[in-house]
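K.L.:
predicted model and sequence follow; I will ask about them next.
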Amino acid sequence: MNRLCRIHLRPTLQALSGVLLGLCIASGHARADALGDIKQRGKLICGTQSTSVPYAYQDAQTRTFVGYDVDICAAIAKGLGVPLEHKPLSTEARIPELKTGRVDMVAGSMAYLPERAEQVDFSLQYLQGAIRVLVKEKSGIKTLAGLEGHKVCASKGSSSAAIASRVLKKSKVLMLQDVAACYLGLQDDKVDGFTAGELVLKRFEVESQTSGDRTIVLEEPTFVERMGVVVNKGNPELLAAVNNALLELDKSGGLNAIYDKWLGAGSVYKLTRAFKVEPVNLQ
Amino acid sequence: MEFQLSFLTSGDVPSLLLSGLVTTVRLFCGAWILGFVVALTLVGLRTIPFAPLTMLVTVFVAYHRNVPTVVQIMVWYFGMPSVLPEPVRLWVNRSDTEFLFALVALGLNVSAYMSEDIRSGLRAIPHTQLEAARSIGLSAFAALRYVTLPQAIRIGLPPLINRTLILFKDTSLAMAIGVAELTYQVKAIENLTFRSFEVFTASTLLYLAASLSLMGIGAWFAKHYPPPYRS
Amino acid sequence: MLDILHRYWTLLLVGSWPNGPLGGFAATLILAGAGILISFPLAIGLGMARVSPLSLFRWPATVWVYTFRGIPLIMIIFWAYFVVPAMTGFKVPPFGTALCAIVVYESAFLAEIVRAGLNGLPPGQIEAARSIGLSYGQAMRHVILPQALVNMIPSLVNQFVSTIKATSIVYIIGVEEVTFAAMQVNSVEMTRALPTFLVLAGYYFVACASLTYAAHRIEMYIARRRVQPAGQKPIVADAVEVAG
């Protein structure tokens, strides 16, 4: 094993330190003037999620990317006065793409969390969502306290998962692949609760009226998510420009229109807008 | 933005990563043992000249090689309980069976590949070995067990080590049904803190270290049990 | 299940082309096919280097094989996409990065299979080949490699099939191959996970089974052309055996 270590480990370790050095170089690339770069380049590269209905997903008929976040990106681009280049991103790559400067901002329905704010800057909130829990009607659970000692499912990589671990301390949080897997788990009695954003749960609640066991969404939310557009730290001008664009969008009624189209009267969710465009870190 | 390796030693991070690593190693060991035992069984079954049995082995190998591993795990987790009787199903759904189902799914998946790798080794052995073994009176099964199989495993060792390494990395697929192994923990930390590069570095280094250990064990094995002609 | 196929077949087949990059099953096939075609010759070279008596060839090949077998493919793709452009200033599109990562990853595994094949042959073969005057290269090409590679066909097919399925990981850098397309369908349909998964599994099954069948046909062809000792059946897996 000694001989093995001497011969094979060393070159590999040297290669790895090269990689880490490269990362340090990469880290020095944090843009200090992203707004200037955007104006110079002549377009805004805005990233969103890629498989999240109704925020950013691929429309099956036109096979282009559409959604609430995509429209927000378009509105910000208009506010900055440049055309938009939309980039769909995977969950793993969304922050690395921002940090390495391959996208200028990410509008990925990302909720404000203090830990996250250490790494990136959040704009004013452009969306608010409540995280709730879906349970089977026949389970008799009416409040969050009723979930103590039970298994609750959340979709991996979502803020609901991180929040569920904090708020539902006495329940066991299980993270499954995606919301469809969680709903299946709920119907199969693998879990007693399913926590996700209220939109997602609304769709499942409606679906369950016609097939499977009936489910209801608990009134009490586990958390109210305040979502903002994220940009790299150290770019106050860009942040200010984005915030201005959002305020303008709100004043002109454009935000209401986008909300109604994807989340409100014009969608299956029929929610009413209950948030203001204000800083994300208000309690 | 700064790349701070010190983040990895702060707060909950080391204990989360360690618990993930422990789960990964447990899942890997269980699946490997199950896979190896089943692979040997499959190789033995193929020697029995009974057509339906050979067909069964073929279908088993075909299914486990051609269907994506993550789909196999899902079939076990979501599909299997629905064919069990009601009381068993309720017990299964209530307890922590994610780990068990992932273990079974991964074990059977790797067994199909390993049986093919052992079969590669068998083909490299000259037919005269088998003829000589039969002509001194050994049954087909005994010839396999005492003469050809030991040689086959030694010849097929590099592909078997390949498969072992792939199995270790496939344990991350168990994340799809919620097993809290290493990749799951890494993603959970990244989701909360947005420190992507730091945690992905940790993940890469941990997987690399584990794989190098496995390769070291394989190299030791190859040195002490070399293929027949290269002693 | 059929209605999912009917409604989403374009998305599953070609992704967002022509409105975007090529995706879906087409992307999977191109990525897997090109990956196999490029990594296999590379792996033969690496396998030969691994058993070479010259340490000039042996050590780099060993480091290559140890490194790329040890790192998960998802991490290779991740680092290749984010770190390599930072270090070299050279931006490669996602599809190219994914292809290179797959080639590099698979070549390490295939090299070990080639090495097993080379080591599994009796030393008498190379001795006899050299003693009738063949050079090293000629001996390898005409005597050693044909036997070694044909012996290892089951393991090689194993690894090729793995390559086809490994392509599903490239979604993280934005290559919209068939698993990504299925995830889109799942996201829109929400409660029809099982039929969507079955369609996805069906695509992979067709690709992998075709490859296995093609490998079997090649094997039969080679066996027919081989000289066998009188009275002995050609040593090749039955159609029934390998068709899986």
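P.N.:
That came through, no problem.
K.L.:
thought B:Arg163 was touching B:Glu116?
P.N.:
No. Here B:Arg163 lies out of contact with B:Glu116, judged by CB atoms under 8 Å, at a distance of 9.2 Å. Where C-beta positions appear, they are placed from N, C-alpha and C, glycine not excepted.
K.L.:
which neighbours do these two share?
P.N.:
Taking CB atoms under 8 Å, 6 or more residues apart in numbering or on different chains as the contact criterion, the residues that touch both B:Arg163 and B:Glu116 are C:Asn158.
K.L.:
where does chain B get nearest to chain C, residue-wise?
P.N.:
Chain C sits closest to B:Ala62 of chain B, with a gap of 2.8 Å, by CB to the nearest CB.
K.L.:
so A:Leu74 makes contact with A:Leu84?
P.N.:
In this structure residue A:74 is Ala, not Leu. Yes. With the criterion set as CB under 8 Å, A:Ala74 and A:Leu84 qualify as a contacting pair; they are 5.3 Å apart.
K.L.:
C:Glu176 versus the residue of chain B closest to chain C, what's the distance?
P.N.:
Distance, B:Ala62 to C:Glu176, using CB to CB, to the nearest Å: 28 Å.
K.L.:
out of these two, which sits in the more crowded spot?
P.N.:
C:Glu176 (28 against 18; other CB atoms under 10 Å in any protein chain shown).
K.L.:
what's the closest non-adjacent residue to the more buried one?
P.N.:
C:Gly23 (3.3 Å; CB to CB, 6 or more residues apart in numbering or on different chains).
K.L.:
how close does C:Ser39 sit to B:Ile48?
P.N.:
Distance from C:Ser39 to B:Ile48, counting by CB to CB: 37 Å.
K.L.:
so those two - more neighbours on which side?
P.N.:
Each of C:Ser39 and B:Ile48 had its neighbours counted (other CB under 10 Å), and the higher figure belongs to C:Ser39 (25 against 12).
K.L.:
what parts of chain C come near chain A?
P.N.:
By CB under 8 Å from any CB of the partner chain, the residues of chain C that approach chain A are C:7-8, C:10-11, C:15-16, C:19-20, C:59, C:62-63, C:66-67, C:70, C:74, C:78-79, C:81-83, C:85-87, C:171-174, C:180, C:183-188, C:190-191, C:193.
K.L.:
filter the residues you listed by proximity to chain B?
P.N.:
Restricting these to those within reach of chain B (CB under 8 Å from any CB) leaves C:66-67, C:70, C:74, C:78-79, C:82.
K.L.:
out of these, the closest to chain B would be?
P.N.:
Within these, proximity to chain B (CB to the nearest CB) peaks at C:Gly70, which comes in at 3.3 Å.
K.L.:
leaving out the residues flanking it, which one is nearest to that closest one?
P.N.:
Of all residues not flanking C:Gly70 in the chain, B:Ser211 sits nearest, at 3.3 Å (CB to CB, 6+ apart).
K.L.:
burial measure for the one you found, as a count.
P.N.:
By the other CB under 10 Å criterion, the neighbourhood of B:Ser211 contains 22 residues.
K.L.:
contacting residues for it?
P.N.:
For B:Ser211, the contact set (CB under 8 Å, 6+ apart) comprises B:165, B:168-169, C:69-71.
K.L.:
most widely separated two among the residues you listed?
P.N.:
Of all pairs drawn from the contacts of B:Ser211, the greatest distance, 11.5 Å, lies between B:Phe168 and C:Ile71 (CB to CB).
K.L.:
which residues do these two both contact?
P.N.:
Common neighbours of B:Phe168 and C:Ile71, counting by CB under 8 Å, 6+ apart, are B:207, B:211.
K.L.:
chain center to the helix or strand A:Ile131 falls within, what's the gap?
P.N.:
Assigned by DSSP states H and E, A:Ile131 belongs to strand A:120-136. With CA atoms, centre = their mean, to the nearest Å as the basis, strand A:120-136 stands 8 Å off its chain's centre.
K.L.:
which elements pack onto the helix or strand that that strand is followed by?
P.N.:
Stepping forward along the backbone from strand A:120-136, the first helix or strand reached (DSSP H and E) is strand A:151-155. Judged by 3 or more CB pairs under 8 Å, 6 or more residues apart in numbering or on different chains; DSSP states H and E, strand A:151-155 is in contact with helix A:159-167, strand A:172-176, helix A:179-187, strand A:193-197.
K.L.:
10 Å instead?
P.N.:
For strand A:151-155, the contact count by 3 or more CB pairs under 10 Å, 6 or more residues apart in numbering or on different chains; DSSP states H and E identifies strand A:120-136, helix A:159-167, strand A:172-176, helix A:179-187, strand A:193-197 as packing neighbours.
K.L.:
just put those in TSV and tack on mean pLDDT, distance to B:Pro228 and mean neighbour count.
P.N.:
Output for the helices and strands packed on strand A:151-155, formatted as TSV (pLDDT from 0 to 100; distance: least, CB to CB, whole Å; neighbours: other CB atoms under 10 Å in any protein chain shown):
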stretch	mean pLDDT	distance to B:Pro228	mean neighbour count
strand A:120-136	89	60	23
helix A:159-167	78	53	22
strand A:172-176	81	49	23
helix A:179-187	83	49	24
strand A:193-197	87	58	28
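K.L.:
which one, of those, ends up nearest to C:Glu219?
P.N.:
helix A:179-187 (40.1 Å).
K.L.:
quick one, what contacts A:Leu98?
P.N.:
By CB atoms under 10 Å, 6 or more residues apart in numbering or on different chains, the contact list for A:Leu98 reads A:47, A:89, A:104-106, A:108, A:119-120, A:230-232, B:1, B:194, B:196.
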